[in-house]
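Novice: my questions are about this predicted structure, shown below with the sequence.
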Protein chains: 2
Amino acid sequence: MKKAVVLLSGGIDSSTTLAIAKSEGYDLYALTFQYSQRHRIEIEAAKAIARLFDVKKHLIIDLPLDQIGGSALVDKSISVPKDRSLDEISSGIPITYVPARNTIFLSFAVAWAEVLETGNIFIGANVLDYSGYPDCRPEYIEAFEKMANLGTRRGVEGEVVFRIHRPLINLTKAQIIRKGLELGVDYRLTKSCYDPDEQGRACGRCDSCLLRKKGFTEAGVADPTEYR
Amino acid sequence: MKKAVVLLSGGIDSSTTLAIAKSEGYDLYALTFQYSQRHRIEIEAAKAIARLFDVKKHLIIDLPLDQIGGSALVDKSISVPKDRSLDEISSGIPITYVPARNTIFLSFAVAWAEVLETGNIFIGANVLDYSGYPDCRPEYIEAFEKMANLGTRRGVEGEVVFRIHRPLINLTKAQIIRKGLELGVDYRLTKSCYDPDEQGRACGRCDSCLLRKKGFTEAGVADPTEYR
């Protein structure tokens, strides 16, 4: 069986990506980070999705990104923006951007893939209904792929060539949801909200909630999310 | 004052790099990782060197790389190679290679540099008297630099262009030591050994000890290391 390391946050995109990797015949190695994010409820979502798709192994790694800060997601003194219009969401890079987050996450994925002797890494990055994060763009992911091949044992020895699969890159949120439903994703299990309450209920007003709602509406599917 | 993030492990190379950054007029932000390495004594060395060069801030970040494994440095069931010849050391990639270590470390450096609003990152990578690690090679570091500029807010907005300074890249260990002595590095404070004993004394027989000894010999300087 071919193996794939899949970055799994427990949201719509990464959960759908996991389902796609499964449908392509990979043995799944899911990788989740507890990075001092305020929305830690997503870790439980990631665990539930990992179980649903019968992953071979689910690694959950603690990263103290609050020591670095610079984002509303890891620094509780910065507010998460609410009630922005879709135009506002799609222009510029918001304060919920976490410096170098995907670079850090993909670096760990490369390390684990080396140990697993595979070059296949999946990430749910996409650039249509998204928050303008620079580390979701295709040109960034291509540059990461090149770097990974130059900086690893298996890349250098030519045995394994790293490929960062990004199956959602040009899909809208609605297309992602439809694809996931075809593949058996239970979106009730997924969490998107940047600022959930203590019971894990979504705020319904942050950029991530708004993109999620828009996705379900455009897909013509009832939104299973419990908003507070 | 211009700022620089400097990767500081507490060995000869990173300590000398810190001294070089200081001599170039940077305010220093030292970054050290406790990555479940068997040679944790180097954390104390990094702290001592950071104090010696009066860094503005020293961040020590815990990374559980033992969850990933794949290297003698983070997996105690794998032995550290001893008594290898210099030819053996310089051919191939040894089991002390830690998968994607520099990529992980540099990713955190990029994150911190973004928050500090600087693009200057220093790493002590070098390719002459070294252990054949793929993530020390110049072509890798150039690729990392490109990726960092594409994947960050400040890279994309063009305000800051990341530069991964590698002042030691083409120096021998002897040249590095001579340079460091000129700049006030106290090498008694530094630690290189991959497999120190509980008192922190060096084994004198791992690749890192052997390269260190060779460096002092070729520099014509007494080796201040306490071997067991």
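Specialist: Received the coordinates, thanks.
Novice: now the helices for chain A?
Specialist: Here chain A has its helices, by DSSP state H, at A:12-23, A:41-52, A:86-90, A:101-116, A:138-150, A:153-156, A:173-182, A:207-219.
Novice: per-stretch mean pLDDT over those helices, give me the minimum one.
Specialist: Confidence, taken as mean pLDDT, is least for helix A:153-156 of the helices of chain A (a mean of 81).
Novice: touching the strand ranked longest in chain A from outside, list them.
Specialist: Taking DSSP state E as the criterion, chain A has its longest strand at strand A:27-34. Outside strand A:27-34, the residues that touch it by CB atoms under 8 Å, 6 or more residues apart in numbering or on different chains are A:1-10, A:18, A:21-22, A:40, A:43, A:46-47, A:49-50, A:53-63, A:104-105, A:108-109, A:112, A:116. Every residue, glycine included, has its C-beta placed from N, CA and C.
Novice: out of these, which are buried?
Specialist: The neighbour-count test (16 or more other CB atoms under 10 Å in any protein chain shown) marks A:3-10, A:18, A:21-22, A:43, A:46-47, A:49-50, A:53, A:55, A:58-61, A:63, A:104-105, A:108-109, A:112, A:116 as buried among the contacts of strand A:27-34.
Novice: tell me, which of the residues you listed make contact with chain B?
Specialist: A:59, A:61, A:63, A:104, A:108, A:112 (CB under 8 Å from any CB of the partner chain).
Novice: can you redo these as a markdown table with distance to A:Arg188?
Specialist: Converted to a markdown table, these look like this (distance: CB to CB, whole Å):
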| residue | distance to A:Arg188 |
| --- | --- |
| A:Leu59 | 24 |
| A:Ile61 | 26 |
| A:Leu63 | 28 |
| A:Ile104 | 29 |
| A:Phe108 | 28 |
| A:Trp112 | 29 |
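Novice: skip the chain neighbours and tell me the closest residue to the residue located most distally from the centre of chain A.
Specialist: Centroid-distance maximum for chain A: A:Glu157 at 29.8 Å, with CA atoms, centre = their mean. Leaving out its chain neighbours, the residue that sits closest to A:Glu157 by CB to CB, 6 or more residues apart in numbering or on different chains is B:Ile93, at 7.3 Å.
Novice: repeat for A:Tyr133
Specialist: A:Tyr97 (5.3 Å).
Novice: the one you found and A:Val80 touch, don't they?
Specialist: No. The pair A:Tyr97 / A:Val80 is not scored as a contact, 11.9 Å apart, by CB atoms under 8 Å.
Novice: report pLDDT for the closest residue in space to A:Leu211 that isn't next to it in sequence.
Specialist: Nearest residue to A:Leu211 in three dimensions, chain neighbours excluded: A:Asp129, at 5.1 Å (CB to CB, 6+ apart). At A:Asp129, the predicted lDDT confidence score is 81.
Novice: my guess is A:Ile104 meets B:Phe105, correct?
Specialist: No. With contact defined as CB under 8 Å, A:Ile104 does not reach B:Phe105; the gap is 10.1 Å.
Novice: mind listing what A:Gly70 touches?
Specialist: A:98-99, B:111, B:114-115.
Novice: 6 Å - rerun?
Specialist: A:Gly70 makes contact with A:99, B:115, according to CB atoms under 6 Å, 6 or more residues apart in numbering or on different chains.
Novice: what distance do you get for it to B:Val110?
Specialist: For A:Gly70, the distance to B:Val110 equals 11 Å [CB to CB, to the nearest Å].
Novice: kindly report the same for A:Thr225.
Specialist: 33 Å.
Novice: so these two - more neighbours on which side?
Specialist: B:Val110 (27 against 19; other CB atoms under 10 Å in any protein chain shown).
Novice: chain B contacts on chain A?
Specialist: Residues of chain A found near chain B (CB under 6 Å from any CB of the partner chain) are A:59, A:61, A:67-70, A:93, A:97, A:99-100, A:103-104, A:107, A:110-112, A:114-115, A:134-135, A:139-140, A:143-144, A:146-147, A:150-153, A:156.
Novice: what's the closest non-adjacent residue to A:Leu116?
Specialist: Nearest to A:Leu116 is A:Lys3, by CB to CB, 6+ apart, at 5.3 Å.
Novice: please export the C-alpha coordinates of stretch A:172-185 as CSV.
Specialist: This file holds the C-alpha atoms of stretch A:172-185, laid out as CSV (Å, rounded to 0.1, in the frame of the first residue of the first chain):
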residue,chain,number,x,y,z
THR,A,172,-14.9,26.7,-4.2
LYS,A,173,-16.1,25.8,-0.7
ALA,A,174,-19.3,24.5,-2.2
GLN,A,175,-17.4,22.2,-4.6
ILE,A,176,-15.3,21.0,-1.6
ILE,A,177,-18.4,20.2,0.4
ARG,A,178,-20.1,18.3,-2.5
LYS,A,179,-16.9,16.3,-3.1
GLY,A,180,-16.7,15.5,0.6
LEU,A,181,-20.3,14.4,0.8
GLU,A,182,-19.7,12.0,-2.2
LEU,A,183,-16.8,10.5,-0.3
GLY,A,184,-18.6,10.1,3.0
VAL,A,185,-17.3,13.0,5.1
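Novice: show residues contacting that stretch.
Specialist: By CB under 6 Å, 6+ apart, stretch A:172-185 touches A:15-16, A:19, A:23, A:128-129, A:168, A:211, A:215, A:218-219.
Novice: which of those residues count as buried?
Specialist: A:15-16, A:19, A:129, A:168, A:211, A:215, A:219.
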